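I would like to see how this sequence folds:
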Amino acid sequence: MSNIDTLTPDEFMRLEPADHALAIQTYSQRLTQLERKLRLFPDSETTEILLDEARRSQNLRKIHVHALHEQLWVEAEVVDGTTAVAA
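Numbers count the residues shown, from 1 in each chain. Below you'll find the predicted structure:
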């Protein structure tokens, strides 16, 4: 999977559910690392940079969560022929 920064909108739309799941895991791990750094160095001069990185990772994770949800929702409708949520 390419970095989301280098993906075109068309490439992003072609990502598979596994790609989104991997991205979600990657951004979650990154957030955990950033939170640890912020706790260790709360008054560091890099605090603002770390907070910006955390916000960016949260936003990217949300994008992938939404995309994964959309893909699973559509797959559930196609399989069941209903609007039931995929379990």
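
check contacts around the residue positioned nearest the centre of the chain.
When CA atoms, centre = their mean is applied to the chain, the residue found nearest the centroid is residue 61 (2.1 Å). The contact partners of residue 61, by CB atoms under 8 Å, 6 or more residues apart in numbering, come to 23-24, 27-28, 31. From N, CA and C alone the C-beta is placed, and that goes for glycine too.

try 7 Å this time
Contacts for residue 61 (CB atoms under 7 Å, 6 or more residues apart in numbering) come out as 24, 27-28.

again with residue 32
Applying CB under 7 Å, 6+ apart to residue 32 gives no contacts.

any regions of the protein where pLDDT drops low?
1-5, 75-87 (pLDDT under 70).

show me the helices in it, by range?
Applying DSSP state H to the chain gives helices spanning 9-13, 17-40, 47-80.

picking up where we left off before, what's the spacing between the residue nearest to the centre of the chain and residue 17?
Distance from residue 61 to residue 17, counting by CB to CB, to the nearest Å: 15 Å.

with residue 43 instead?
41 Å.

looking at those two, which is more packed in?
Per other CB atoms under 10 Å, whichever of residue 43 and residue 17 has more neighbours is residue 17, with 13 against 5.

and residue 23, how many neighbours does it have?
By other CB under 10 Å, the residues close to residue 23 number 21.

ok so, going back, neighbour-wise, which one of the contacts of residue 61 leads?
Busiest of the contacts of residue 61 [other CB under 10 Å] is residue 27, holding 21 neighbours.

that one: what's it in contact with?
By CB under 7 Å, 6+ apart, residue 27 lies in contact with 57, 60-61.

pretty sure residue 68 is touching residue 17, no?
Yes: when contacts are counted by CB atoms under 7 Å, residue 68 is listed as touching residue 17 (5.7 Å).

please report how far residue 33 lies from residue 27.
11 Å.
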